[in-house]
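Undergrad: only geometry, no sequence info:
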């Protein structure tokens, strides 16, 4: 995907004067750096002291260790999966190769590489992901647990290969700050986990190539922070990686300055990226997880190095953890809201480890669980390692006495019912900052699960670059469980990570008081995304009847509408007229529900259609599978509403 002149104008229109000035300075600096590449200052007597405390490895649960070693052995055989693509070349990787398209990114000055253009570079996510070196942290963790030097030797071989192939400011791995930040964090943990290996000092602190790379990564991050309308999760990854490296690898003349600047940036942006309720302002749940992981990893480095951290940092992380505990369903699955690209801050666990359970377990170890938190039964490697480094604290702040169900600042309301019915209602802001980069046009959308199974599903994200028709579909209004007017989106897209007009939503009613007593919970909201028309939606969950009632009203002139309900991939459907019978299996038991749809609309079932896309579900980035979408088409006359009733049986 090549950005047009029109895109640049639209993007410029979303910037303020300060951001424009900063980006002009960045452009001048990039031009100057093309020919002026200073050498890393000489380093003598470097020592690594940020080691794990005695007993940290022994605290790893055996089943978590077993999963880790199984994944590490698969990596040793050269096998890994990135974004739906199975790779068998990781024994000796080509760092610039994209196996999805078969293309290899071009060599050259980093800022000249058109990394968004898949025809030239390939799928940039496929190229970037292995170079975050999070698969190497898995191998390093396997060494720490088993003492098997094969894992350490493979890590050393790959790091030396990467450092040789990716000279500073050359190629695609020097184009994006989030990649450099996460890579630095991985290197810190690799060094920590390999501490017992005899060759580790020769790989890191006594290795000029390693020192050269670490210094240039930090110099880059200090010079090119994400700015203004781009200061979302990217700037937090940049600051966390810079801070971690400046703490653990504090061997350079600029280390103290880098550490102080990164901590200031981290503190400021953690606050600005997080609502007071604890939910992430991007309203994209996976980025909530990414930011929380990065923040916890940064605090671990601070406590290990004895660097004081502002109380506000721990407070934000505490609130984020409590918010996560509040929004997950009974199977510990959080909402599938907004963009998701499977991004992680720190990976030391094997396949099959529950990311969200791991974060809650770490939150319990660091902050202490509240009585209303859901039980966490799974195990992981990361929690005992982080908990061994982070100083346990009890911030002097009140925490929720009961499980929150309405997050007014984020516009998220959760209706819960018997039989583990879980319903998320979206009446919040369109997204974060002026471009709302990771937002979807999903105002007033609902997401409904039964015992953790997606019944009315948020279809997900699937892709970012290279497939514009799929990017547009998965972030469109029609791609969510809400109502579309006159064939358009509620918010206006100016590009794959740019919205030029944002629908404004407001919650009118959020009554969740009936949840604890088996009564009825209610929610009502409206948005103004369709000019001259207001879409208002009411949702009621009646515990006694196990029914979810959704009423859509369109206020304004007569308009053509489409109402979509996306079913999860496990749901089979029999649609007759305006009644759909839904069936699925959970833990060997047959389950069912009836979906009575508005009779004023003409209903059709769509599944796995590509021209245009409709009827798909993306369980993770780069992966999609057919799923049924029910679409009702007709007209709204501004008087009569559309009523949908979902009744769970048994």
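TA: Everything's here; your move. Worth saying up front: this structure is predicted, and the values here are computed from it rather than measured.
Undergrad: May I have the beta-bridge partners of residue 446?
TA: Beta-bridge pairing for residue 446 (DSSP bridges): residue 425.
Undergrad: where's the residue nearest to residue 627 when sequence neighbours are not counted, which helix or strand?
TA: In space, and not counting its chain neighbours, residue 627 is closest to residue 617: 3.8 Å by CB to CB, 6 or more residues apart in numbering. C-beta here means a position set from N, CA and C on the backbone, and glycine is covered the same way. Secondary structure assigned from DSSP states H and E places residue 617 in strand 616-620.
Undergrad: now the strands: where do they sit in the stretch 1-150 of the chain?
TA: 80-82, 85-87, 97-98, 103-104 (DSSP state E, counting those that start in this stretch).
Undergrad: And the second one, what's buried?
TA: Looking back up the chat, that one is strand 85-87. Residues of strand 85-87 classed as buried: 85, 87 (neighbour count, 16 or more other CB atoms under 10 Å).
Undergrad: on that earlier part again, next, format the strands of the stretch 1-150 of the chain as a markdown table and append mean pLDDT and distance to residue 131.
TA: Listed next are these as a markdown table, based on pLDDT from 0 to 100; distance: least, CB to CB, whole Å:
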| stretch | mean pLDDT | distance to residue 131 |
| --- | --- | --- |
| strand 80-82 | 96 | 11 |
| strand 85-87 | 95 | 13 |
| strand 97-98 | 96 | 11 |
| strand 103-104 | 96 | 14 |
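Undergrad: got the contact list for residue 434?
TA: Taking CB atoms under 8 Å, 6 or more residues apart in numbering, we find residue 434 in contact with 14-15, 229.
Undergrad: go again using 7 Å as the cut-off
TA: 14, 229 (CB atoms under 7 Å, 6 or more residues apart in numbering).
Undergrad: Please tell me the pLDDT value assigned to the residue nearest to residue 627.
TA: We have a pLDDT of 98 for residue 617.
Undergrad: Quick check, it in contact with residue 457.
TA: Yes: Residue 617 is in contact with residue 457 according to CB atoms under 7 Å; the separation is 6.0 Å.
Undergrad: Mutual contacts of those two, please.
TA: residue 568.
Undergrad: on that earlier part again, which among the strands of the stretch 1-150 of the chain is found nearest to residue 319?
TA: For residue 319, the closest of these is strand 80-82, at 32.2 Å, according to CB to CB.
Undergrad: How many neighbouring residues does the residue nearest to residue 627 have?
TA: Applying other CB atoms under 10 Å, we find 26 residues neighbouring residue 617.
Undergrad: Of all the strands of the stretch 1-150 of the chain, which one comes closest to residue 361?
TA: Of all those, strand 80-82 comes closest under CB to CB, at 24.6 Å.
Undergrad: check contacts around residue 178.
TA: Contacts of residue 178 (CB under 7 Å, 6+ apart): 234, 237-238.
Undergrad: contacting residues around residue 270?
TA: Residue 270 neighbours (CB under 7 Å, 6+ apart): 236, 295, 313, 316.
Undergrad: Quick one: distance of the helix or strand harbouring it to the chain centre.
TA: Here residue 270 sits within helix 255-272, counting by DSSP H and E. Remark: helix 255-272 is offset 21 Å from the chain centroid, using CA atoms, centre = their mean, to the nearest Å.
Undergrad: picking that back up, can you redo the contacts of residue 178 as TSV with secondary structure, distance to residue 406 and pLDDT?
TA: Below are these laid out as TSV (DSSP: H, G, I helix; E, B strand; the rest coil; distance: CB to CB, whole Å; pLDDT from 0 to 100):
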residue	secondary structure	distance to residue 406	pLDDT
234	helix	30	96
237	helix	30	98
238	helix	33	98
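Undergrad: Same list (those) but as JSON lines, adding distance to residue 510 and neighbour count.
TA: What follows is those, written out as JSON lines (distance: CB to CB, whole Å; neighbours: other CB atoms under 10 Å):
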{"residue": "234", "distance to residue 510": "32", "neighbour count": "20"}
{"residue": "237", "distance to residue 510": "33", "neighbour count": "30"}
{"residue": "238", "distance to residue 510": "36", "neighbour count": "30"}
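Undergrad: Tell me the one of the residues you listed nearest residue 69?
TA: Nearest member of these to residue 69, counting by CB to CB, is residue 237, at 28.1 Å.
Undergrad: Just put the contacts of residue 270 in CSV and tack on secondary structure, neighbour count and distance to residue 261.
TA: Shown next, in CSV, are those (DSSP: H, G, I helix; E, B strand; the rest coil; neighbours: other CB atoms under 10 Å; distance: CB to CB, whole Å):
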residue, secondary structure, neighbour count, distance to residue 261
236, helix, 30, 14
295, helix, 25, 17
313, helix, 18, 15
316, helix, 24, 19
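Undergrad: Give me whichever of the strands of the stretch 1-150 of the chain is most buried.
TA: strand 97-98 (a mean of 20; mean count of other CB atoms under 10 Å).
Undergrad: Name every strand pairing with it and say which way it goes.
TA: Here, using DSSP bridges, strand 97-98 pairs with strand 103-104 (antiparallel).
Undergrad: With the flanking residues excluded, which residue is spatially nearest to residue 643?
TA: For residue 643, the spatially nearest residue (CB to CB, 6+ apart) is residue 551, at 5.1 Å.
Undergrad: what's across from the one you found in the sheet?
TA: Counting by DSSP bridges, the residues bridging with residue 551 are residue 538, residue 643.
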